[in-house]
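Novice: Sharing a sequence plus its predicted fold:
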Amino acid sequence: DAGVTQSPTHLIKTRGQQVTLRCSPKSGHDTVSWYQQALGQGPQFIFQYYEEEERQRGNFPDRFSGHQFPNYSSELNVNALLLGDSALYLCASSLKSTNEKLFFGSGTQLSVL
Amino acid sequence: AQKVTQAQTEISVVEKEDVTLDCVYETRDTTYYLFWYKQPPSGELVFLIRRNSFDEQNEISGRYSWNFQKSTSSFNFTITASQVVDSAVYFCALKPNTDKLIFGTGTRLQVFP
């Protein structure tokens, strides 16, 4: 049973570029949440997707957007990259109806130069 | 305000010592969940425990134990007889009556042989 998988594992971009990160949830899960973890900090909630819609959003600008597909997988898009966007981006999946614990992927390490 | 405070930035112990990681939380919600996650160098957040706000029973799982005290808004985590493999960053997190997790800044535990 595959857990949460994220791709790519590492990414290097330059300021102003756009990036897309991908996440496949754990089998049986229907909800995907994205978190940003800056170096030395705890993860910060970006947003959550359920039934292909953004359900809740954290304190992140509109440059951060996402999408959920019918197979429950999700993408995180970041436009006009800033140096401060350099971080580990974590995807977490869960089953909405059970309110159970989140399962996290290993993340995508994004470096913006 | 909803917040999690992990005042200990880094703890170093020698193998077989007991160690307690502190967590203090703030929320006005009467229903909430508390979590502990372990983050090894690989980056993945590994679930350790979930406790709901109505269950103040302490829990023991092998060498791990958790002490939940609503009166002091604390949810502390103790590792008994620590091992080198316990070295990681540990995060305490709060899930108030929303869909997001609010993480503390983490405590880096180093266990030396």
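Specialist: The structure has been received and is ready for your questions.
Novice: and chain A, which residues reach chain B?
Specialist: Within chain A, the residues that sit near chain B (CB under 8 Å from any CB of the partner chain) are A:31, A:33, A:35, A:40-45, A:48, A:55-56, A:58, A:88, A:90, A:92, A:100-107, A:109. Any C-beta I mention is one placed from the backbone N, CA and C, and that applies to glycine too.
Novice: So what's the residue count around the residue nearest to A:Phe69 when sequence neighbours are not counted?
Specialist: Once flanking residues are discounted, A:Phe69 sits nearest to A:Glu52: 7.2 Å by CB to CB, 6 or more residues apart in numbering or on different chains. As a burial measure, A:Glu52 scores 11 neighbours (other CB atoms under 10 Å in any protein chain shown).
Novice: quick one: the residue minimising distance to the centre of chain A from B:Thr72, how far?
Specialist: Nearest to the geometric centre of chain A sits A:Trp34, at 3.2 Å (CA atoms, centre = their mean). To B:Thr72, A:Trp34 is 33 Å away according to CB to CB, to the nearest Å.
Novice: And A:Ser24, by the same measure?
Specialist: A:Ser24 is 40 Å from B:Thr72, by CB to CB.
Novice: now swap in A:Leu11 and tell me
Specialist: 42 Å.
Novice: higher neighbour count, those two?
Specialist: Comparing A:Leu11 with B:Thr72 by other CB under 10 Å, the one with more neighbours is A:Leu11, at 15 against 10.
Novice: returning to that earlier point: show me what contacts the spatially closest residue to the residue nearest to the centre of chain A that is not a sequence neighbour?
Specialist: Spatial nearest neighbour of A:Trp34, excluding adjacent residues (CB to CB, 6+ apart): A:Ile46 at 4.3 Å. Applying CB atoms under 8 Å, 6 or more residues apart in numbering or on different chains, we find A:Ile46 in contact with A:Ser33, A:Trp34, A:Tyr35, A:Gln36, A:Arg57, A:Gly58, A:Phe60, A:Phe64, A:Gly66, A:Leu76.
Novice: Now, of the residues you listed, which are buried?
Specialist: A:Ser33, A:Trp34, A:Tyr35, A:Gln36, A:Gly58, A:Phe60, A:Phe64, A:Gly66, A:Leu76 (16 or more other CB atoms under 10 Å in any protein chain shown).
Novice: As CSV, these with secondary structure would be great.
Specialist: Below are those laid out as CSV (DSSP: H, G, I helix; E, B strand; the rest coil):
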residue, secondary structure
A:Ser33, strand
A:Trp34, strand
A:Tyr35, strand
A:Gln36, strand
A:Gly58, coil
A:Phe60, coil
A:Phe64, strand
A:Gly66, strand
A:Leu76, strand
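Novice: could you dump these to TSV with pLDDT?
Specialist: Listed next are these as TSV, based on pLDDT from 0 to 100:
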residue	pLDDT
A:Ser33	95
A:Trp34	97
A:Tyr35	97
A:Gln36	98
A:Gly58	93
A:Phe60	97
A:Phe64	98
A:Gly66	97
A:Leu76	98
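Novice: dump the residue contacts of residue 64.
Specialist: Defaulting to chain A. A:Ile46, A:Phe47, A:Leu76, A:Asn77, A:Val78.
Novice: could you do chain B instead?
Specialist: So B:Tyr64 contacts B:Leu48, B:Ile49, B:Phe77, B:Thr78, B:Ile79, B:Thr80 (CB under 8 Å, 6+ apart).
Novice: For burial, what's the neighbour tally of the residue in chain B that chain A sits nearest to?
Specialist: Nearest residue of chain B to chain A (CB to the nearest CB) works out as B:Phe103 at 3.3 Å. Applying other CB under 10 Å, we find 22 other residues in the vicinity of B:Phe103.
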